[in-house]
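generate coordinates for the sequence data below:
(2 chains)
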Amino acid sequence: MGLITELLKGLRVTGGTMLRTITGREMVTTQYPHEKRQKPQRFHGRHVLNRYPDGMEKCIGCELCAGACPADCIYVRGRDNDPDDPTSPGERYGYVYEINMLRCIFCGLCVEACPTEAITMTHLFEFSTTNRRDAIYTRDELLMDRNGNVPHMFPDDPLIDDEELLSADGWVRATAPSGRVAYQGVQMWQATPGPASWEPEPSQDVIDARSEPEDG
Amino acid sequence: MNWAEAGIVVLRVVLVFALLLGATVINVWAERKVVADMQSRIGPKRAGPWGILQTVADALKLLFKESVTPSNAELATFMLAPFLAAIPAFLIFMVVPFGAPFTIGGNEVILQGADLNIGLLFILAMSSMAVYAVVLAGWSSGSKYPLIGGVRATAQAISYEAAMGLAMVAVVMFTATQGEGGTLSLAEIVARQDGTWAGFIPKWNLFPQVVAFVIFMVAIVAETNRAPFDLVEAEQEIVGGYHTEYSGMRFAMFFLAEYINIFSMSAIAATLFLGGWNGPTWEATLPAFVSALLPTVWFLLKTYSIIFIFFWLRATVPRLRYDQLMSLGWKRLIPAALTWIVVSSVAIGIRQFGLPWG
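Got it, this is the predicted structure:
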């Protein structure tokens, strides 16, 4: 008899699951190319080289990302800025910037190493290429344009989801929105890569004064 | 026999053939859909509306694939085995009535491949024949795992066919009390389940023979090598079992035979226990052709309810261990079936002749 009751218990589980699936309450499958799941906020997708809101590149060609990379997949060569028409606010800028996506393990150490938050990760994850050479992303493919859009190697690919770029990214963009590296210890989040859309941060003493009454 | 009658016979056979192939297309798809639903997945949905042409796509793929022959294979037997599997599978359904007989142009047409008066015996014979295909396929592949699968098939078929036959005996004994003398003809068995008890309970063999029904269900699941009794083709243990070395259309034949067997066995269960094509036809209110088709609809409905149980079991129960399979067959099902035959024959005897002391 134990056999039969156990069998009925099992049948109840599968039957119940079937009813819940048919009525759409328990479907785990997403119809991937047609509908895409919201990725976790800190999803480690492909990299992007950010710009300041004024269009300046954040990368200063320091090669710290290349040094931090455990897979040795980043190659950077810096070059001095033209004093009359600077590419980045610093002394130098990333003249050559390549990431070999076949070697990259998406650990995010480059993002942590970057002193200017120039390199962050997006939610893009559709990398497939028919050619190894195409998997090496160069500066052209990594650097966002002045409107904050990340270029894609195959922009006509039906799998490319432009909405992806506008959905939450979540990487810490700690630099002040004014474009100067005036980090005040307050981390801010922005849903999209691209020019910051928030108000300039107040200085630290203003923030301290603001939060004091609440702290009691 | 005139030409019209001969034509009707040919048409009947073609109809059965088409019905089985069509049912297989639906069954493979339905199984994948049902199991997907039970696992919170979607299942096939690309080929045709709701993915219903998935089986056709699969068959086409197999048709274009190479049929590999292992170098150790016993060639003649190796080539013969798939057909040996498919032919009995088709033949079993030949004796199952799948609709009410009707008259067209003065000729009576029975919706059945052939009304054999030894129908049940024929079914048992053919389902035993199907085991040969598995055993020969396993042996002739010249490979270890198929051989193990074939040996398992022999033992399993012998154990469970006994229980299946004994369950049928109880039904045949009960059927004999419902009309004039005993019968093994499925058409006659269906005819004797017509009507109701007490005005609302359908006169199905299921109600008086519920124990036989349960035994029969377990036995046919084992007989068709379906989960949880699919030790013959246990992927995790012996690769693909007897069809490991088969590919292309030869493999498709085994696949076809398996699904036809599921359909036929479910149809037989529906015929023996659920009253076959019996059901309300509302001849007075509905147009004549609808009333003529309704019995087939009832038959398919009953058959598919049983097939659904097959799918449900497959999605639920893990595979039995080999000794569990054997002990369930020999220590539980066969004694239960024998006991049930005794109980049921005593009950029939008392109803016919009264109490021995009365």
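
list the buried residues in stretch B:326-338.
B:328-329, B:333-334, B:336-337 (16 or more other CB atoms under 10 Å in any protein chain shown). In this view, the C-beta of every residue, glycine as well, is placed from N, C-alpha and C.

before we move on, what about stretch B:186-193?
In terms of neighbour count (16+ other CB under 10 Å), stretch B:186-193 has its buried residues at B:186-193.

kindly report the same for stretch A:101-113.
For stretch A:101-113, burial by neighbour count (16+ other CB under 10 Å) applies to A:101, A:104, A:108-111, A:113.

restrict the residues you listed to those near chain B?
Counting by CB under 8 Å from any CB of the partner chain, nothing from these sits close to chain B.

same list, the buried residues of stretch B:186-193, but as a markdown table with secondary structure and distance to chain A please.
Below are the buried residues of stretch B:186-193 laid out as a markdown table (DSSP: H, G, I helix; E, B strand; the rest coil; distance: CB to the nearest CB, whole Å):
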| residue | secondary structure | distance to chain A |
| --- | --- | --- |
| B:186 | helix | 29 |
| B:187 | helix | 33 |
| B:188 | helix | 33 |
| B:189 | helix | 28 |
| B:190 | helix | 29 |
| B:191 | helix | 33 |
| B:192 | coil | 30 |
| B:193 | coil | 26 |
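
reformat those residues as a markdown table; add pLDDT.
Output for those, formatted as a markdown table (pLDDT from 0 to 100):
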| residue | pLDDT |
| --- | --- |
| B:186 | 85 |
| B:187 | 84 |
| B:188 | 83 |
| B:189 | 85 |
| B:190 | 85 |
| B:191 | 82 |
| B:192 | 84 |
| B:193 | 83 |
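
so which of these is the closest to residue B:231?
Of all those, residue B:186 has the smallest distance to residue B:231: 29.8 Å, by CB to CB.

list the contacts of that closest one.
Residues counted as contacts of residue B:186 (CB atoms under 8 Å, 6 or more residues apart in numbering or on different chains) are B:95-97, B:112, B:115, B:119-120, B:268, B:271-272, B:276.

just residue B:179 next, same as before
Neighbours of residue B:179 in contact, by CB under 8 Å, 6+ apart: B:188, B:191-192.

what pLDDT does it get?
Per-residue pLDDT puts residue B:179 at 76.

same thing with residue B:353?
82.

and what of residue A:167?
Reported pLDDT for residue A:167: 47.

and residue B:256, how many neighbours does it have?
When neighbours are defined as other CB atoms under 10 Å in any protein chain shown, residue B:256 has 23 of them.

quick revisit: residue B:14: which of the contacts of residue B:186 is nearest?
Taking CB to CB as the measure, residue B:14 lies nearest residue B:112 of these, at 13.4 Å.

so the closest one, which state does it fall into?
At residue B:112 the chain is in coil, as set by DSSP: H, G, I helix; E, B strand; the rest coil.

what's the pLDDT at the closest residue to it other than its chain neighbours?
Among residues not flanking residue B:112 along the chain, residue B:97 sits closest, at 4.1 Å (CB to CB, 6 or more residues apart in numbering or on different chains). Here the pLDDT value assigned to residue B:97 is 87.

and what of the one 4 residues further on?
Model confidence at residue B:101, expressed as pLDDT, equals 78.

and it, what does it touch?
Here residue B:101 is in contact with B:108-111 (CB under 8 Å, 6+ apart).

could you rerun that using 6 Å?
For residue B:101, the contact set (CB atoms under 6 Å, 6 or more residues apart in numbering or on different chains) comprises B:108, B:110.
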